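**Student:** What follows is a predicted protein model with its sequence.
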Amino acid sequence: MTTFSIKLSTTEAKAMEFAVPSTHDWIDHSAKNRARIAIDEICGILMIHCNENEIQMAVGKDAQVLQAFDLGIVDTAINRQTAAEQISEE
């Protein structure tokens, strides 16, 4: 399990107190929901790739996400951004 921490200014913290009952819960739910969406996207990409190439898919979402990265059919957002920037500079 990975732990992240963020810093909010006093004003940002007060604004979050106005907007949501629990800033911590809101951040936790937001990150987990975005991760869920990405997991579904990755599993979909993997399924298409495996079907087109007659590759056996790993069982379970955790294993499928790892398989997609291991096969090189998905990459991190920072790597994709860096590659796009290099292409646009050429």
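**Tutor:** Here it is on my side, so go on. Predicted model only: the values in this text are computed from it and were never measured. Residues are numbered from 1 along each chain as shown.
**Student:** in the helix or strand containing Ser30, what counts as buried?
**Tutor:** For Ser30, the enclosing helix or strand under DSSP states H and E is helix 23-53. Buried residues in helix 23-53, counted by 16 or more other CB atoms under 10 Å: 23, 27, 42-43, 46, 49-50. (Each C-beta comes from the backbone N, C-alpha and C, glycine too.)
**Student:** ok, the closest residue to Met57 other than its chain neighbours to Leu66 distance?
**Tutor:** By the measure of CB to CB, 6 or more residues apart in numbering, the closest residue to Met57 outside its immediate chain neighbours is Cys50, 4.7 Å from it. Here the criterion is CB to CB, to the nearest Å. By it, Cys50 lies 14 Å from Leu66.
**Student:** just checking, what packs against the helix or strand where Arg80 lies?
**Tutor:** Assessed by DSSP H and E, Arg80 sits inside helix 77-89. Packing contacts for helix 77-89, counted by 3 or more CB pairs under 8 Å, 6 or more residues apart in numbering; DSSP states H and E, involve no helix or strand.
**Student:** Rounded mean pLDDT for that helix, please.
**Tutor:** Confidence over helix 77-89, taken as the mean pLDDT, stands at 93.
**Student:** Stretch 20-40 now?
**Tutor:** 97.
**Student:** residues in contact with Met16?
**Tutor:** With contact set as CB atoms under 8 Å, 6 or more residues apart in numbering, Met16 has these partners: 8, 23, 26.
**Student:** Now do it, the pLDDT please.
**Tutor:** So, for Met16, pLDDT stands at 97.
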